[in-house]
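Undergrad: Provided below for reference: sequence and predicted model.
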Amino acid sequence: MAVVNGLNWSPPDGWIQLESALEGVEIWGPAPVEEDVEGPKTTRCRSCGAAARFDVNAGRLACPFCGWQDAAAEVVGRSAEAGEFTQASLAAGKQGFGVDRRELSCEQCGAAIALDEGVLSASCPFCASNQINVREQAEASGLRPTALVRFSVLPKDISTAVKTWLGTGWFHPGGLGSVASVDRFMGIYLPYWTFSAKLDSDWKAEVGTSRTESYRDSDGNHRTRTVIDWNWRSGHVHLDLRDTLIPGTTKVSETLLGRIAAFEMGDLVTYDAGLLAGWGAQTYDRSLPDAWEMGRHAMRERARSACHSDTGSSHVRSFSMTADLDDESWRHVLLPVYVSAYRFADRTFVVVANGQTGEVAGQKPVAWWKVWTAIAAMLSPGIITGLIGIPLLLFAVGIFVLIVALIMLIAGVIGSIWVYNQAVQSEAL
């Protein structure tokens, strides 16, 4: 308590006495706000001090030497922290992973992966290049994730599944599963942006209703035909879109990531640096604005599909719609993915696997001689039958044979296109 003008005076709550430059003069003021500075955490065992790592079976940070286990992370699912599209929300976000890590930098593809001290790699998992550097991670940059889905599939199980996957498919080189080296899988937490929003769409279109009517042909015979009656209709669709996933990395094919994107977001846990122990992690290189543009496009496409369904008909023309987004929010999360690049016949192929479900996708080389042989086998019957039918045109049966040949040729062309597209997609990213 101080004396001011002969009166007793008590400083307000939160005020402290400050240093005064004048003797006998007291200065009081609000206590400075202490900044919440969170230093890098370690993933050392709290019992023996050895390097701990996340144990897939236990679902928590554990020490492989003394058996110590950390408390299990709390599953928050879709209630995980989300951010608003405001400058304040972005500025308030913490930076980096919040833990000291090394960084693998690939000179060939430019990938950068944050590594735990227990993770070793002699090649880049994205391009199989051995032109890599491992150094102390540079100063943290980028928003810190708010949640992640933990690895729940063991690396050995992924290797087995991938070898089985490599061995399937008749148009691939024989023995691919045993020849291709897929033992160098790296478990990496890849960055993703997830977007949620409420979407209202108004649509308008000409919607066709089919009906069957009878008529007489030029010979006076009764026939039936399908007629479509067109009418203008409109409607409204409301969608509550949750967790539209957009990869935050451009180092892995979006096509491949899309094939393993069935993550269960209900398994999200609040981010903790200890959950990264023993695994790689990547910082996003696709910014939030760029990802949001992709997310909005994906949401609008879902609205377009919902509006088409709302017409109640497969006959739609002159379609138009509006799409208004509201209550938009985003999350920066890490999702578990196994990545490996292998070389076969002097070419590099990429394989990815969902670290939560074990689903596998990737590139496989194609034995094109098998593809062309199959295409020739499918086209030959129609061509041969047609050649036989041409001289038979001198007889009544010739027309029938040519019609059969045409049907067989059309079926062969359709089958050939399907086989060719499957082969191309197998090699393409």
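TA: Nice, I can see it.

Undergrad: Let me see the domain layout of the protein.
TA: As recorded under automatic domain parsing, the domains making up the chain are 1-31, 74-197+239-285+327-362, 368-427.

Undergrad: Of the ones you listed, which stretch is the most buried?
TA: Highest mean neighbour count among the domains of the chain (mean count of other Cβ atoms under 10 Å): domain 74-197+239-285+327-362, with a mean of 18. All C-beta atoms are positioned from the backbone trio N, CA, C, and that covers glycine.

Undergrad: And the average pLDDT for it is what?
TA: Averaged over domain 74-197+239-285+327-362, pLDDT sits at 79.

Undergrad: residue ranges for the helices of this protein, please.
TA: 87-91, 155-166, 176-179, 254-259, 288-310, 368-389, 397-427 (DSSP state H).

Undergrad: quick revisit: okay if I get the domains of the chain as a markdown table plus distance to residue 297?
TA: Converted to a markdown table, the domains of the chain look like this (distance: least, Cβ to Cβ, whole Å):
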| stretch | distance to residue 297 |
| --- | --- |
| domain 1-31 | 48 |
| domain 74-197+239-285+327-362 | 10 |
| domain 368-427 | 22 |
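
Undergrad: And those domains: which comes nearest residue 215?
TA: domain 368-427 (25.7 Å; Cβ to Cβ).

Undergrad: about what we covered before: nearest to residue 216, out of the domains of the chain?
TA: domain 368-427 (26.5 Å).

Undergrad: And the closest one, end to end?
TA: 11 Å (Cα to Cα, to the nearest Å).

Undergrad: Give me the average confidence score over that domain.
TA: 89.

Undergrad: What strands flank the biggest strand by length in the chain, and is each parallel or antiparallel?
TA: Longest strand in the chain, counting residues (DSSP state E): strand 186-216. In the sheet, strand 186-216 lines up against strand 222-247 (antiparallel), strand 280-281 (parallel), strand 316-344 (antiparallel) (DSSP bridges).

Undergrad: quick one: it to helix 288-310, angle?
TA: Calculated by axes from the mean of the first three to the mean of the last three Cα atoms, to 10 degrees, strand 186-216 forms an angle of 30 degrees with helix 288-310.

Undergrad: what angle do strand 186-216 and helix 155-166 make?
TA: Going by the same axes, to 10 degrees, strand 186-216 makes 40 degrees with helix 155-166.

Undergrad: who touches the closest residue to residue 299 other than its chain neighbours in this structure?
TA: Excluding its sequence neighbours, the residue lying closest to residue 299 (Cβ to Cβ, 6 or more residues apart in numbering) is residue 241, at 5.4 Å. For residue 241, the contacting residues are 195, 196, 197, 198, 199, 299, 302, by Cβ atoms under 8 Å, 6 or more residues apart in numbering.

Undergrad: List just the nearest of the residues you listed to residue 330.
TA: Sorting the contacts of residue 241 by distance to residue 330 puts residue 195 at the head of the list, at 5.3 Å, by Cβ to Cβ.

Undergrad: What residues does the closest residue to residue 264 other than its chain neighbours make contact with?
TA: Using Cβ to Cβ, 6+ apart and skipping the chain neighbours, the partner closest in space to residue 264 is residue 356 (6.5 Å). Residue 356 makes contacts with 149, 150, 151, 152, 153, 263, 264, 267, 335, 336, as judged by Cβ under 8 Å, 6+ apart.

Undergrad: gap between residue 356 and residue 260?
TA: As judged by Cβ to Cβ, to the nearest Å, residue 356 and residue 260 stand 9 Å apart.

Undergrad: Residue 235 reaches residue 200, doesn't it?
TA: No - the pair residue 235 / residue 200 is not scored as a contact, 11.6 Å apart, by Cβ atoms under 8 Å.

Undergrad: Nearest to residue 351, out of the helices of the chain?
TA: Across these, closest to residue 351 is helix 155-166 (Cβ to Cβ), at 5.7 Å.

Undergrad: Off-centre distance for that closest one?
TA: 20 Å (Cα atoms, centre = their mean, to the nearest Å).

Undergrad: Same check on stretch 336-347?
TA: On Cα atoms, centre = their mean, the centre of stretch 336-347 falls 18 Å from that of its chain.

Undergrad: now do stretch 288-303
TA: That offset, for stretch 288-303, works out to 13 Å (Cα atoms, centre = their mean).

Undergrad: and if you look at stretch 408-424?
TA: 30 Å.

Undergrad: got the contact list for that stretch?
TA: Residues contacting stretch 408-424 (Cβ under 8 Å, 6+ apart): 171, 366, 368, 371, 374-375, 378-383, 385-386.

Undergrad: again, only this time at 10 Å
TA: Contact with stretch 408-424 is made by 169-172, 364, 366-368, 370-372, 374-386, 428, as judged by Cβ atoms under 10 Å, 6 or more residues apart in numbering.

Undergrad: Could you do stretch 217-225 as well?
TA: 211, 212, 213, 214, 215, 216.

Undergrad: The same query, at a cut-off of 7 Å, please.
TA: Here stretch 217-225 makes contact (Cβ atoms under 7 Å, 6 or more residues apart in numbering) with 212, 213, 214, 215, 216.

Undergrad: same question, stretch 196-203
TA: 82, 234-243, 299, 303, 307, 310, 319-329.

Undergrad: and with 8 Å instead?
TA: 82, 234-244, 299-300, 302-304, 306-307, 310-311, 319-330.

Undergrad: Report the distance from the longest strand of the chain to the chain centre.
TA: With Cα atoms, centre = their mean, you get 20 Å for strand 186-216.

Undergrad: what does stretch 162-178 give?
TA: 25 Å.

Undergrad: now stretch 305-318
TA: 28 Å.

Undergrad: tell me the average confidence for it?
TA: Mean predicted confidence for stretch 305-318 is 92.

Undergrad: gap between the two ends of that stretch?
TA: 15 Å.

Undergrad: what's residue 69 in contact with, if anything?
TA: 55, 58, 60, 61, 62, 63.
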